[in-house]
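A.B. asks: Test case, fold it:
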Amino acid sequence: MSLLRPVAALGRATLGALASIGRIALFAGAVIGHLFRPPFYPREVLHALMQIGWFSLPVVGMTALFTGGALALQIYSGGARFSAEAVVPSIVAIGMVRELGPVLGGLMVAARVASSIAAEIGTMKVTEQIDALVTLSTNPLKYLAVPRVLAATLAVPVLVAVGDAIGIAGGWLVGVYRLDFNSTTYLKNTVDFLEFWDVGSGLVKGAAFGFIVALMGCYHGMNSGRGAQGVGRATKTAVVSASVLIFAANYLLTEIFFTS
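C.D. replies: Just a heads-up that it's a prediction; the model follows:
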């Protein structure tokens, strides 16, 4: 029997993981289903757009700026080994709009928004405000989750687009003032090597990441345990699960978009 205990533990963990995936999938299906059915709460959507989009802009912008600058330095240093320093503008632009802009933007929003949503909804559950909504014949999923998921799905692509521009500007600043590139040549190479789908794929990723972030925040908030410890655990789990799912979704979308 002692030899079977590790196998049994692995089986329980696997079944628990599959059950969690099933519950999240059902929750996501319910949220998507309510997106197109009245009643609608435009005021809640606008409030969530401000909280998720506008107030996340500083952290996304600063992250993109320093990432673009560091990327330019790294590519210049690596390209110098092969006398390929001229590729810095094009690689910075492609790297930012395809991968780094969407992924880092999604992670920053996950750190800020998923935790906030989970803590807010978890606290509402602990203080029985969600039960009060049910008493008032208001669907908590419709009132709390749907506006946040919709707002995040719309706002994060905009944040990604702004982050892409700021990241490319960061690479330009480092390239021109630190690496002695000609400003006009740098910008021309950036524009010439970027294609429409490079930018479009990043925006699609941003929408997917925004959906994931808000979904995880709402799911873990609504399923948080009682008390401060339960809310804290829900907040932590929301950020971790959103971050892991962002990396997984990024790989799957990259496989779909750029593999023939």
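A.B. asks: make it CA atoms for all contacts and neighbour counts henceforth
C.D. replies: Fine.
A.B. asks: how about low-confidence regions in this structure?
C.D. replies: Residues of the chain that meet the criterion pLDDT under 70 lie in 1-3, 260.
A.B. asks: I'd like to know how far the residue most central in space within it sits from Gly163.
C.D. replies: For the chain, the residue nearest the mean C-alpha position is Gly106 (2.4 Å; CA atoms, centre = their mean). Applying CA to CA, to the nearest Å, the value for Gly106 to Gly163 is 11 Å.
A.B. asks: what's the neighbour count on the spatially closest residue to His220 that is not a sequence neighbour?
C.D. replies: Leaving out its chain neighbours, the residue that sits closest to His220 by CA to CA, 6 or more residues apart in numbering is Ala234, at 5.2 Å. Neighbour count for Ala234, taken as other CA atoms under 10 Å: 29.
A.B. asks: I'd guessed Ala234 sits against Gly221; true?
C.D. replies: Yes - contact criterion CA atoms under 8 Å: Ala234 and Gly221 qualify, at 6.0 Å.
A.B. asks: hey, what's in contact with both of the two?
C.D. replies: Here Ala234 and Gly221 have 118-119, 122 as joint contacts, going by CA atoms under 8 Å, 6 or more residues apart in numbering.
A.B. asks: Please name the nearest non-neighbouring residue to Pro147.
C.D. replies: With CA to CA, 6+ apart as the criterion, Pro147 has its nearest non-adjacent residue at 4.6 Å, and that residue is Val45.
A.B. asks: Give me the buried positions along the host helix or strand of that neighbour.
C.D. replies: For Val45, the element it lies in under DSSP states H and E is helix 42-52. Residues 44-45, 48-49, 51-52 are the ones in helix 42-52 that count as buried (16 or more other CA atoms under 10 Å).
A.B. asks: How about residues contacting it?
C.D. replies: 109, 113, 143, 147-148, 150-152, 155-156.
A.B. asks: what do you get if the cut-off is 6 Å, keeping everything else the same?
C.D. replies: If you take CA atoms under 6 Å, 6 or more residues apart in numbering as the criterion, helix 42-52 is touched by 147-148, 151.
A.B. asks: residue contacts, Ile168?
C.D. replies: Residues in contact with Ile168 (CA under 6 Å, 6+ apart) are 68, 93.
A.B. asks: What's the separation between it and Gly78?
C.D. replies: 18 Å.
A.B. asks: Quick check: the nearest residue to Arg112 once chain neighbours are set aside vs Gly16, distance?
C.D. replies: Spatial nearest neighbour of Arg112, chain neighbours left out: Ser56 (7.5 Å); criterion: CA to CA, 6+ apart. Distance of Ser56 to Gly16, given as CA to CA: 34 Å.
A.B. asks: out of these two, which sits in the busier spot?
C.D. replies: Neighbour count, other CA under 10 Å: between Ser56 and Gly16, Ser56 has more, with 19 against 12.
A.B. asks: Distance-wise, check that one relative to Val156.
C.D. replies: In this view, Ser56 and Val156 are 9 Å apart by CA to CA.
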